[in-house]
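**Student:** predicted model, plus sequence, below.
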Amino acid sequence: MGIFTDSYLPYTSGVVHSIETFKEELVTMDHELYVFAPGYPGCRQEQQVFRFPSIPAPTNRDFALALPFSPQLRVVLGKWRPEVIHVHSPFMLGRVGVACARRLNIPLVFTFHTLYEEYVHYVPFAQNITKKITRLISRNFCNRCDLVIVPTAVIGDYLRKIGVYVSIKTIPTGIKIEEFSYPDRGWLKRQYDIPEEDKVLLFVGRLGQEKNITFLVESFRRIAVEFPRARLVLVGGGPEEEPLKRRVRKQDLWGRVFFAGKRPKDEVAKYYAGADLFVFASVTETQGLVIAEAKAAGLPVVAVKAYGVSEMVADGEDGFLTELSHDSFIKKILLLLSDDELRKSFSEKARKNAEKISARNCALSLVDSYQKLIDR
């Protein structure tokens, strides 16, 4: 199958992580994949990866914008004829994927990873109009496909609401449970010289406006007053990192809030292992993969109930879902920080529930969807 994506390694994101997770599982099942992606400065050549020329995005210099033209593309597709094309964006290379699927007369699958309309704050003008246009682009692109994959059912409902009428199937991005069973629970506190008796709240993700980190930091400011032994660790980088650091210093929280920066995948497991609670305030997630990872590591979760996150937390069982309100969010965090037995119970259930979305099971569901399209 041919995978067309506007973001790929060495860039890191939820979309890239999803593609890599499915790719690794499909390869172990002896399926052949070819990835069509932007080129990045210094990225190494890989077998079965076709790189388009690209330029840095003006609002995020780490992100590459592919120039969707290459005389070699037709040659590659002529030699290697895919049975399915799977696109992961409705923009540059997603549209190239559509054209290739139509030319080869093969099924076209699209994974709707992102609520694109919730990212218009990166556009410096006419955001209301941009939001409507983005919604229209999403709807029209979906309706050009044979199947749309969504990571959670609530996103499928959203697509129906905006006018998508083609087949939609829910297949979450799975997780490799074994990767989040790091045995050294003391690593994180030793790394940041945090006393053993302190409780660590953890966030993992991009430090961008859409992740609502300001809400998280403001909530922690109030939590720190009620529970002085609480600490907050933020793992990830992004455009909001420096403004957040300034806010933390201004609020006299430096030394209680720690910025870990962007960490390699294998090291993130150490952060999960050493924390006591996972906190998440984003209201733009289609799934919230980091929540599943946290649960696999045995972390109870307190998250704002919005879109895909609402399906990732079993409210009152392995964590709490709250309204977008400081009071309700803080209340549930303080409850879990102060009740060791409840936190332990939620931790055990979190591990068990995470097994439901193993990478293998999700990949098998995707293969079944491909096969049905090919047979049809």
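**Tutor:** Perfect, thanks for sending it.
**Student:** domain-wise, how is this protein divided?
**Tutor:** Following automatic domain parsing, one gets these domains for the chain: 2-174+358-375, 177-355.
**Student:** show me the helices in the protein, by range?
**Tutor:** For the chain, the helices defined by DSSP state H occupy 14-28, 71-79, 92-104, 127-142, 153-161, 187-191, 213-226, 241-250, 265-274, 289-296, 326-338, 340-354, 359-375.
**Student:** ranking those by burial, who's on top?
**Tutor:** Per-stretch averages of neighbours, counted by mean count of other C-beta atoms under 10 Å, single out helix 289-296 among those, with a mean of 26. From N, CA and C alone the C-beta is placed, and that goes for glycine too.
**Student:** re the thing from before, redo the domains of the chain as CSV? Include mean pLDDT.
**Tutor:** Listed next are these as CSV, based on pLDDT from 0 to 100:
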stretch, mean pLDDT
domain 2-174+358-375, 92
domain 177-355, 96
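**Student:** run through the bridge partners of residue 303.
**Tutor:** With DSSP bridges as the criterion, residue 303 is bridged to residue 280, residue 321.
**Student:** spit out the contact partners of it.
**Tutor:** Contacts for residue 303 (C-beta atoms under 8 Å, 6 or more residues apart in numbering) come out as 278-281, 288, 291, 309, 312-313, 319-322.
**Student:** most neighbours among these, which one?
**Tutor:** When neighbours are taken as other C-beta atoms under 10 Å, the top entry among these is residue 319 (29 neighbours).
**Student:** burial of the nearest residue to that one once chain neighbours are set aside, as a residue count?
**Tutor:** Nearest non-adjacent residue to residue 319, counting by C-beta to C-beta, 6 or more residues apart in numbering: residue 301, 3.4 Å away. Counted with other C-beta under 10 Å, the burial measure for residue 301 works out to 28 neighbours.
**Student:** do the same with the one 10 residues further on
**Tutor:** Residue crowding around residue 311 was assessed by other C-beta under 10 Å; the count is 18.
**Student:** skipping adjacent residues, who's closest to residue 253 in space?
**Tutor:** Nearest non-adjacent residue to residue 253 (C-beta to C-beta, 6+ apart): residue 221, at 6.2 Å.
**Student:** hmm, the one you found is touching residue 251, no?
**Tutor:** Yes - with contact defined as C-beta atoms under 8 Å, residue 221 reaches residue 251; the gap is 5.4 Å.
**Student:** so residue 298 touches residue 350, yeah?
**Tutor:** Yes - using C-beta under 8 Å, residue 298 makes contact with residue 350 at a distance of 5.8 Å.
**Student:** quick one, what contacts the spatially closest residue to residue 6 that is not a sequence neighbour?
**Tutor:** Among residues not flanking residue 6 along the chain, residue 89 sits closest, at 4.0 Å (C-beta to C-beta, 6+ apart). Residues near residue 89 by C-beta under 8 Å, 6+ apart: 4-7, 15, 113.
**Student:** and the two most separated of these?
**Tutor:** Greatest spatial distance in the contacts of residue 89: 4 and 113, 13.0 Å, computed using C-beta to C-beta.
**Student:** isn't the residue nearest to residue 319 right up against residue 317?
**Tutor:** No - the pair residue 301 and residue 317 fails to qualify as a contact (C-beta under 8 Å) at a distance of 10.5 Å.
**Student:** so what's the closest residue in space to residue 50 that isn't next to it in sequence bridging to?
**Tutor:** Spatial nearest neighbour of residue 50, chain neighbours left out: residue 36 (4.7 Å); criterion: C-beta to C-beta, 6+ apart. Counting by DSSP bridges, residue 36 forms beta bridges with residue 4, residue 50.
**Student:** what's the neighbour count on residue 36?
**Tutor:** By other C-beta under 10 Å, 25 other residues sit near residue 36.
**Student:** for the one 4 residues further on, same thing?
**Tutor:** Residue 40 has 18 neighbouring residues, counting by other C-beta under 10 Å.
**Student:** do the same with residue 60
**Tutor:** So residue 60, with other C-beta under 10 Å, has 14 neighbours.
**Student:** report the separation between it and residue 49.
**Tutor:** For residue 60, the distance to residue 49 equals 22 Å [C-beta to C-beta, to the nearest Å].
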